[in-house]
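Novice: structure here, sequence nowhere to be found:
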């Protein structure tokens, strides 16, 4: 039986690639010695493109596939997919929301605790045998502090639910004010930062909010407060953030995402008031399996003409 051909932009985990290969003939663009030659050879036969939130699908790639009908993404972020070009071509886009919400929220709280309580720094002191030989600075408490959530979507609400257990005073900014939310709403990100001891970014990324967290927001946050980002690196003006961290114009930051990951700005490595993670908020065995399952289900539904499981549309923009 002939297998439908799928172009995979960059490899998924081995187990997920093996599961896909049972049903489809896979072509991995990232593995090709000559990607342009591969595209020229297979483009007439490709109706489905599989990618992830980081690799996405550029307008150039979409245009190289004249018969493309669907882009399936392994992840919740779609900012790396040229949605405008996909819409112009009537190409459908799927993603993997919901299944990663709780893992991302868990890491958000873990990062908040890590940067507030100096967990990585204190771990390093113990490992180096310096406990009892160096003065260990006092950390910052979390319970009872003010938490500002930028983006009260799925992840933002899950973070708020967890933060309530620490008796935090929770407020938020979003493009919309939610009547069902018990949390304090602020009209701007600047106002939110001004009323936050911890500001956590949970918003979906798009062209409208690229580098939107810069001088104004960080000035409002101030030298005694912390920034946490579990959304997308593009939302923060990273050179500005680096300057504020270096000059201690904010107290610290905890970051899971960056501008040019994985080759991030090396200035981060010298900073002792920042906690760094390798974009691992959804990186658990359970969640990655659920994400892969959604990718397979969306592909299967497409090829048999059934409704897609998690189709991305313009109104589904919050994470």
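Specialist: It's in. This one's a predicted model, so the numbers in the text were calculated from it and none came from an experiment. Numbering: from 1, shown residues only.
Novice: can we go C-alpha only for contacts and neighbour counts from here?
Specialist: Fine.
Novice: quick one, strands of the stretch 201-319 of the chain?
Specialist: 226-229, 252-255, 274-276 (DSSP state E, counting those that start in this stretch).
Novice: longest helix of this structure?
Specialist: The single longest helix within the chain, with elements called by DSSP state H, is helix 285-304.
Novice: who's in contact with the closest residue to residue 26 other than its chain neighbours?
Specialist: Closest residue to residue 26 apart from its sequence neighbours, by C-alpha to C-alpha, 6 or more residues apart in numbering: residue 6 at 5.1 Å. Remark: with contacts taken as C-alpha atoms under 8 Å, 6 or more residues apart in numbering, residue 6 is in contact with 24, 25, 26, 27, 46, 47, 48, 49, 50.
Novice: top of the residues you listed by number of neighbours, please.
Specialist: For these, neighbours were counted by other C-alpha atoms under 10 Å; the highest total belongs to residue 50, with 27 neighbours.
Novice: how many neighbours does residue 134 have?
Specialist: Residue 134 - counted by other C-alpha under 10 Å - has 9 other residues nearby.
Novice: wait, I meant residue 234
Specialist: Using other C-alpha under 10 Å as the criterion, residue 234 is surrounded by 20 other residues.
Novice: residues contacting the residue most central in space within the chain?
Specialist: With distances taken as C-alpha atoms, centre = their mean, the chain has residue 231 as the residue nearest its mean C-alpha position (3.9 Å). Contacts were defined as C-alpha under 8 Å, 6+ apart; by that measure residue 231 touches 201, 202, 203, 204, 205, 256, 257.
Novice: gap between it and residue 156?
Specialist: For residue 231, the distance to residue 156 (C-alpha to C-alpha, to the nearest Å) stands at 10 Å.
Novice: intersection of neighbour lists for the two?
Specialist: With C-alpha under 8 Å, 6+ apart applied, the overlap between the contact sets of residue 231 and residue 156 consists of 202, 203.
Novice: could you check stretch 152-172 and say which residues are buried?
Specialist: Using 16 or more other C-alpha atoms under 10 Å as the test for burial, stretch 152-172 gives 152-160, 162-163, 168-172.
Novice: same check on stretch 6-16?
Specialist: Taking 16+ other C-alpha under 10 Å as the neighbour-count basis, stretch 6-16 is seen to contain the buried residues 6, 7, 8, 9, 10, 11, 12, 16.
Novice: output the below-cut-off pLDDT ranges for the chain.
Specialist: 1, 314-319 (pLDDT under 70).
Novice: please redo it, this time with the cut-off set to 90
Specialist: Applying pLDDT under 90 to the predicted model, the residue ranges of the chain that meet it are 1-2, 53-54, 75-77, 79, 204-211, 313-319.
Novice: domain-wise, how is it divided?
Specialist: When the chain is parsed into structural domains using automatic domain parsing, the resulting residue ranges are 4-99+285-304, 101-276.
Novice: what's the following helix or strand after the one helix or strand the residue nearest to residue 26 maps to?
Specialist: Taking DSSP states H and E as the criterion, the element that holds residue 6 is strand 4-8. Where DSSP H and E defines the elements, the next helix or strand beyond strand 4-8 is helix 14-21.
Novice: list the contacts of the next helix or strand after that next one.
Specialist: Stepping forward along the backbone from helix 14-21, the first helix or strand reached (DSSP H and E) is strand 24-28. Contact partners of strand 24-28, identified using C-alpha under 8 Å, 6+ apart, comprise 3, 4, 5, 6, 7, 8, 9, 10, 11, 20.
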